[in-house]
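Engineer: no sequence on hand, only this structure:
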Ligand code: SF4
Ligand code: SF4
């Protein structure tokens, strides 16, 4: 089994200790090179939404997102002189030159992206208008993969441990997001401390005007007010921030993260434990909110925790699953199935159905 931190950018692999060193199930369902969410590659059923399986577009896959990159990751991309990193570097240079969303702390997405993203419906994975500017259509991959952000490092469309796997990656994202905020600030404290003088959130967000809607950069005076002596040398500041962060060790990072870091690690440790567990709860019931889709070959696809995956079983299995009503232990229900129907569901199938939250513990919150 890989370690949790193997999935993260190299910078974090040396900085983050336990529980990021825990071995976790490999996310083999998210087969990005042959994307599991494309209709032509889909080997498992995708949970239908409103009766229709919602596949992704081949020219976007799940990259219908625009990350917010902390200054030191922007610097890492700009400093990466490997030939395979050249395309990502070129795209980041263009984003920095555009001055749109370009601040000393972050390279933000344009605010117009949030307007579109927040107002869209079922567009994730299905809209070119939302496609990430770092997505390389020719290769179907990410041009800044080695230095991607907390969201992109922890997103998988399907999870080996189902709902518990998703929860684990969400906990990693929480921790990494905290790391991003604090390391970006730590770097600025050394490189451009005046940028930290204004408390976050003091300036009320202004409405998006016509120039911004059309992709224009902020007025020169506004840009200079934000960047001060670094105006015109934005890329250099980002590189300096990366150099500062590269010199930070695991122990210093722990001190920077403080109590919030301790709590985030603790939550992650618990999530890892759940994702690694192969134990079944003693009592289970078929979730009334689970989707049931009968397939042309007579099999049945059952969807639970996610709209991106489902479990396919022979059609006869459905008649066995409805006997799980939560009023008896799993062992007792299976004994009844064997006695009355001469049939059973094996441990691995039950575990997968539980991980997918098709079977749930009685009293679980309704979806
Ligand atoms: S994580 Fe994204 S690219 Fe990878 S298989 Fe899933 S949808 Fe496709
Ligand atoms: S940064 Fe990379 S992984 Fe993230 S959305 Fe963009 S192309 Fe996809």
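Structural biologist: That came through, no problem. These numbers come from a predicted model, not from an experiment. Ligands and ions are numbered 1, 2, ... in the order given.
Engineer: center of this structure, which residue is that?
Structural biologist: residue 155 (2.4 Å; Cα atoms, centre = their mean).
Engineer: show me the contacts for residue 331.
Structural biologist: residue 282 (Cβ atoms under 8 Å, 6 or more residues apart in numbering). For every residue, glycine as well, the C-beta is placed using N, CA and C.
Engineer: any idea which helix or strand comes after the strand or helix carrying it?
Structural biologist: If you go by DSSP states H and E, residue 331 is part of helix 330-341. Proceeding N to C from helix 330-341, the next assigned helix or strand is helix 347-355, under DSSP H and E.
Engineer: pull the distance from the next helix or strand after that next one to the chain's centre.
Structural biologist: Once the chain leaves helix 347-355, the next helix or strand it forms, by DSSP H and E, is strand 359-360. Offset of strand 359-360 from its chain centre (Cα atoms, centre = their mean, to the nearest Å): 24 Å.
Engineer: what do you get for stretch 306-319?
Structural biologist: Distance, centroid of stretch 306-319 to centroid of chain: 25 Å (Cα atoms, centre = their mean).
Engineer: cool, stretch 71-91 as well?
Structural biologist: 21 Å.
Engineer: span of it from start to end?
Structural biologist: Its start and end residues considered, stretch 71-91 measures 15 Å (Cα to Cα, to the nearest Å).
Engineer: which residues in this protein form strands?
Structural biologist: Taking DSSP state E to define them, one finds strands in the chain at 48-49, 52-53, 69-70, 106-107, 135-136, 141-142, 283-286, 291-294, 300-303, 311-313, 325-329, 359-360.
Engineer: so what touches the fourth one?
Structural biologist: Which is strand 106-107. 68-71, 74, 92, 95-96, 101, 184, 238.
Engineer: let me know the closest of these to ligand 2.
Structural biologist: Closest approach between the contacts of strand 106-107 and ligand 2, by Cβ to the nearest ligand atom: residue 69, at 8.3 Å.
Engineer: out of everything not next to it in sequence, what's closest to the closest one?
Structural biologist: With sequence-adjacent residues excluded and distances taken as Cβ to Cβ, 6 or more residues apart in numbering, residue 69 is closest to residue 107, at 4.4 Å.
Engineer: from residue 17, how far off is the one you found?
Structural biologist: 28 Å (Cβ to Cβ, to the nearest Å).
Engineer: comparing the two, which residue is more hemmed in?
Structural biologist: Shown here are residue 107 and residue 17; by other Cβ atoms under 10 Å, residue 107 has more neighbours (22 against 13).
Engineer: okay, and the beta partners of that one?
Structural biologist: Counting by DSSP bridges, residue 107 forms beta bridges with residue 69, residue 102.
Engineer: and the pLDDT at it?
Structural biologist: The model reports residue 107 with a pLDDT of 98.
Engineer: one more: residue 204?
Structural biologist: 69.
Engineer: what do you get for residue 46?
Structural biologist: For residue 46, the predicted pLDDT is 66.
Engineer: what of residue 198?
Structural biologist: Looking at residue 198, its pLDDT stands at 78.
Engineer: how about residue 121?
Structural biologist: 89.
Engineer: over to it: give its phi and psi.
Structural biologist: phi -130, psi 120 (degrees, to the nearest 10).
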